[in-house]
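Trainee: model this:
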Amino acid sequence: MTRVIPPAALAGAMAAVAAGGIVAGGVLETGFPVPLSVWAFVAVCLITPTVGWLIAARRPDNVYGWLLLAAADCLGLGAFGAGLLISDPTLRGPLAVVAVVLSSLFTVFYGLTWVFVPLLFPDGRLPSRRWRVGAWIAAVAITVHWAGLLLGADAVYESIFARGNPIGLKGTPGLVAALAGAVGQGVVYLVALAVLVSLVLRWWRADVAGRRVLRWMIAGLTGTLGGFLLITFFGPSDYGAGLGLGLFTSIAALPIVITMTVFRHQLLDIRIGIRGHRIFLVFDLRPTVDELLTELGPSLEETEPVEQLGRLAGAVRAGLETSWAAVELADGTRVVAGEEDGEAALTVPAGLGRIVCGPKTVGRLTSEDRRLLGALAVPVGLAIQSVGLAARLVNAQEAERRRIERNIHDGVQQQLVALIAGLELARATGGDARTMTLLREEARQTLTDLRELAAGIHPSVLSQGGLVEAVEERCSRLPTTTTVIADPGLRARRFPDEVEGALYFTVSESIANALKHASASRIEVRLSLEEGRLQAVVSDDGRGFEPATADRGGLAALADRMNALGGGLRLASAPGEGTAVRAWVPA
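Mentor: As a prediction, the model looks like this:
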């Protein structure tokens, strides 16, 4: 079984190799005691592996941290190889070969820092697809430069290695290799100048926040390329202030500006904190979905569904560090957190709606941002579903209120008005026995109608006798053969009012649909309690229909009612095969 090295451990090992090589190279080059200027130079060189380790360990999916570590390793191993060569100019044998190979990695370090470190800043991605060709050209040129230096003629090494290049090619091939290396170095430098121009153009088109970040990288790359020109002008044998400045700027300029931008502008969730007289690093760990929901949980429980969407939009904005975020419903309703002042940078489906995010406040959206948003889409989708369910329940309650109001107005209210008018007439005329009898019968009919109306709201038999008895009473007055089958012992059990009411009205609505629309000759109602579920199944032998194309009418509101109680409703039907409605709720 293959064991995978944890990213943090791998990043730490790469940083340790780089740091060890840089320190050892400085010591080997000067010997003890090491001058203070060399220690200062070593300290500056250690910036690259340190920042690379911080980013790679904190954001292992970001290529940029690993790029800095790779450049730092080339710098450290190159410094160690050069230190071996300088400390013993007469070095020979296998150790000399190792020293030459290691020192040649300086070319790779310069190529990475000239081209790829500024080009991929800060998220490890190319600024555009057009740069793919430039990146390939740079990679090939760096390889040619490295191979040319490694296999070049002795003259390339004579200034620091008395016996020349122990693995270099002799004669014309060696000169060709050295020439190819010089051409490769020139091509790399030209690509680096193109990268500098690209950075300037990006700065010109960027917003204020983007300009603040890019201007540092422009300054760093300018210093790096300028430092190389100083090294070329003064030459490796002229150990003066000009050469020292060139070495310093060519190696240290980019690591310094990267450090400043990462910490000052809090890129990659890393910043510097100050407490008292101590300065320390603070890792602004991006909250996970669980952490966000754990923090939001208590407030979500205390808020209405629509307000939940607002808080979730705020959580998305905070979690992804975007300028704004919005939750959109299918009907066009839009809840926005922040000021929507730009185009959407990312959109993810969430249930019956979607999440829309604006651009990040700093940098660009990464693959980790997309994964976080995809995970947040699940609770946001549930919240959107809750909003829709609440809206449908409110609409159903309003429709029921209007139905009751209409029935009272058109039925009982008119009967009471007529009864009052009859009583007034009887009082005025002295009302005989026949008139009083008619008024009494009219009052009884009004009472009966009131009871029927009340039965449509919440029948008294349901409150007094329970679900089974209420369903049996409802089915006993039907013009169609109807059978009620209930589990043994269910008749004597009682359940919460909302549970019994929901199932009773589902049965009533299903029966009404079977009678009105299905022309059923037989209806069967089954009531059961299984595995903590109270279930009702209403089936008929009617004409059936196609559920996908039919209007479910009142059953849609009942389905919402079941969902609100943690249950559900399923409808099964086909033309000529009857219909079965199955509803259940947790008991």
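Trainee: Please count neighbours and contacts with C-alpha atoms only from this point.
Mentor: Noted.
Trainee: Would you mind giving the secondary structure of the residue nearest the centre of the chain?
Mentor: Centroid check for the chain by C-alpha atoms, centre = their mean gives residue 373 as the closest residue, at 1.6 Å. The local conformation at residue 373, judged by DSSP: H, G, I helix; E, B strand; the rest coil, is helix.
Trainee: hey, C-alpha coordinates of stretch 509-519 in CSV?
Mentor: C-alpha atoms of stretch 509-519 as CSV (Å, rounded to 0.1, in the frame of the first residue of the first chain):
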residue,chain,number,x,y,z
GLU,A,509,-59.2,15.2,0.0
SER,A,510,-58.2,11.9,-1.6
ILE,A,511,-61.7,10.5,-1.3
ALA,A,512,-63.2,13.7,-2.6
ASN,A,513,-61.0,13.5,-5.7
ALA,A,514,-61.9,9.8,-6.3
LEU,A,515,-65.6,10.7,-6.2
LYS,A,516,-65.4,13.9,-8.3
HIS,A,517,-62.8,13.1,-10.9
ALA,A,518,-62.1,9.3,-11.0
SER,A,519,-65.7,7.9,-11.2
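Trainee: residues touching residue 432, list them.
Mentor: residue 426 (C-alpha atoms under 8 Å, 6 or more residues apart in numbering).
Trainee: Now do it against residue 443, distance only.
Mentor: Separation of residue 432 from residue 443 (C-alpha to C-alpha, to the nearest Å) stands at 17 Å.
Trainee: Could you point out the helix or strand that follows the strand or helix carrying residue 442?
Mentor: Element membership for residue 442, per DSSP states H and E: helix 433-457. Using DSSP H and E, the helix or strand that directly follows helix 433-457 along the chain is helix 460-465.
Trainee: quick one: average confidence on that following helix?
Mentor: Within the predicted structure, the mean pLDDT of helix 460-465 is 76.
Trainee: do stretch 11-20 as well
Mentor: 93.
Trainee: For residue 336, what are phi and psi?
Mentor: The phi/psi pair for residue 336 (degrees, to the nearest 10) reads phi -120, psi 140.
Trainee: Spit out the contact partners of it.
Mentor: Neighbouring residues of residue 336 by C-alpha under 8 Å, 6+ apart: 310, 313-314, 324-327.
Trainee: if I look at it, how far off is residue 327?
Mentor: Distance from residue 336 to residue 327, by C-alpha to C-alpha: 7 Å.
Trainee: and for these two, which residues touch both?
Mentor: 310, 313.
Trainee: which residues of the stretch 351-500 of the chain fall in helices?
Mentor: For the stretch 351-500 of the chain, the helices defined by DSSP state H, counting those that start in this stretch occupy 367-407, 413-429, 433-457, 460-465, 467-476, 497-516.
Trainee: these two touch, right, residue 468 and residue 486?
Mentor: Yes. Using C-alpha atoms under 8 Å, residue 468 is in contact with residue 486, at 7.1 Å.
Trainee: now whichever strand or helix holds residue 26, how far from the chain's geometric center?
Mentor: For residue 26, the host element (DSSP H and E) is helix 7-30. Distance of helix 7-30 from the chain centroid (C-alpha atoms, centre = their mean, to the nearest Å) equals 36 Å.
Trainee: Output the contacting helices and strands for that helix.
Mentor: If contacts are counted by 3 or more C-alpha pairs under 8 Å, 6 or more residues apart in numbering; DSSP states H and E, helix 7-30 sits against helix 36-45, helix 47-58, helix 63-87.
Trainee: Flag every buried residue along that helix.
Mentor: 7-8, 10-12, 14-29 (16 or more other C-alpha atoms under 10 Å).
Trainee: What of stretch 221-234?
Mentor: Within stretch 221-234, the residues scored as buried using 16+ other C-alpha under 10 Å are 221-231, 234.
Trainee: quick check, nearest of those residues to residue 341?
Mentor: residue 221 (32.5 Å; C-alpha to C-alpha).
Trainee: who's in contact with residue 174?
Mentor: Applying C-alpha under 8 Å, 6+ apart, the residues contacting residue 174 are 151-154, 168.
Trainee: If you rank these by neighbours, which is first?
Mentor: For the contacts of residue 174, neighbours were counted using other C-alpha atoms under 10 Å, and residue 152 has the most, 28 neighbours in all.
Trainee: List the buried residues in stretch 560-574.
Mentor: So for stretch 560-574, counting by 16+ other C-alpha under 10 Å, buried means 560-563, 565, 567-569, 571, 573.
Trainee: now swap in stretch 131-144 and tell me
Mentor: Neighbour-count burial for stretch 131-144 [16+ other C-alpha under 10 Å]: 134-135, 137-139, 141-144.
Trainee: quick one: contacts of that stretch?
Mentor: Against stretch 131-144 from outside (C-alpha under 8 Å, 6+ apart): 107-108, 111, 115-116, 126, 180-181, 184-185, 187-188, 191.
Trainee: Give me the mean pLDDT for the helix or strand harbouring residue 228.
Mentor: In this assignment (DSSP H and E), residue 228 forms part of helix 208-234. The pLDDT scores in helix 208-234 average 78.
Trainee: do stretch 330-348 as well
Mentor: 76.
Trainee: same deal with stretch 544-564?
Mentor: On average, stretch 544-564 scores 72.
Trainee: again, but for stretch 151-170
Mentor: pLDDT averaged over stretch 151-170 gives 70.
Trainee: Mind splitting this protein into its structural domains?
Mentor: With domains defined by automatic domain parsing, the chain comprises 1-87, 289-390, 394-455, 465-586.
Trainee: pretty sure residue 165 is touching residue 100, no?
Mentor: Yes. The criterion here is C-alpha under 8 Å, and residue 165 meets it with residue 100 at 7.4 Å.
Trainee: and these two? which has more neighbours close in?
Mentor: Neighbour count, other C-alpha under 10 Å: between residue 165 and residue 100, residue 100 has more, with 26 against 23.
Trainee: wait, is the more buried one part of a strand?
Mentor: No. Residue 100 is assigned helix when assessed by three-state DSSP, not a strand.
Trainee: Look at it and report its pLDDT.
Mentor: 86.
Trainee: now the one 10 residues further on
Mentor: Per-residue confidence for residue 110 comes out at a pLDDT of 88.
Trainee: again with residue 502
Mentor: 82.
Trainee: And residue 408, by the same measure?
Mentor: The predicted local confidence for residue 408 is 63.
Trainee: Repeat that for residue 285.
Mentor: 48.
Trainee: Report the contact partners of residue 82.
Mentor: 25, 29, 99-100, 102-103.
Trainee: Work out for me the element residue 535 sits within.
Mentor: Assigned by DSSP H and E, residue 535 falls in strand 533-540.
Trainee: I'd like the distance from whatever helix or strand comes next after that strand to the chain centre, please.
Mentor: Going down the chain from strand 533-540, the next helix or strand is helix 554-564, by DSSP H and E. In terms of C-alpha atoms, centre = their mean, the centre of helix 554-564 is set 32 Å apart from its chain centre.
Trainee: do the same with stretch 120-128
Mentor: 20 Å.
Trainee: What of stretch 174-194?
Mentor: That offset, for stretch 174-194, works out to 44 Å (C-alpha atoms, centre = their mean).
Trainee: Show me which positions of that stretch end up buried.
Mentor: 174-185, 187-189, 191-193.
Trainee: Put the alpha carbons of it into CSV.
Mentor: Only the C-alpha atoms of stretch 174-194 are listed here, as CSV (Å, rounded to 0.1, in the frame of the first residue of the first chain):
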residue,chain,number,x,y,z
GLY,A,174,31.4,21.9,-25.4
LEU,A,175,31.4,25.2,-27.1
VAL,A,176,28.1,24.4,-28.8
ALA,A,177,26.6,23.5,-25.4
ALA,A,178,27.8,26.7,-23.9
LEU,A,179,26.4,28.7,-26.8
ALA,A,180,23.1,26.9,-26.5
GLY,A,181,23.1,27.7,-22.8
ALA,A,182,23.7,31.4,-23.5
VAL,A,183,20.9,31.5,-26.0
GLY,A,184,18.5,29.8,-23.5
GLN,A,185,19.4,32.4,-20.9
GLY,A,186,18.7,35.2,-23.4
VAL,A,187,15.3,33.7,-24.3
VAL,A,188,14.4,33.4,-20.6
TYR,A,189,15.4,37.0,-20.1
LEU,A,190,13.2,38.1,-23.0
VAL,A,191,10.2,36.1,-21.8
ALA,A,192,10.8,37.7,-18.3
LEU,A,193,10.6,41.2,-20.0
ALA,A,194,7.3,40.1,-21.6
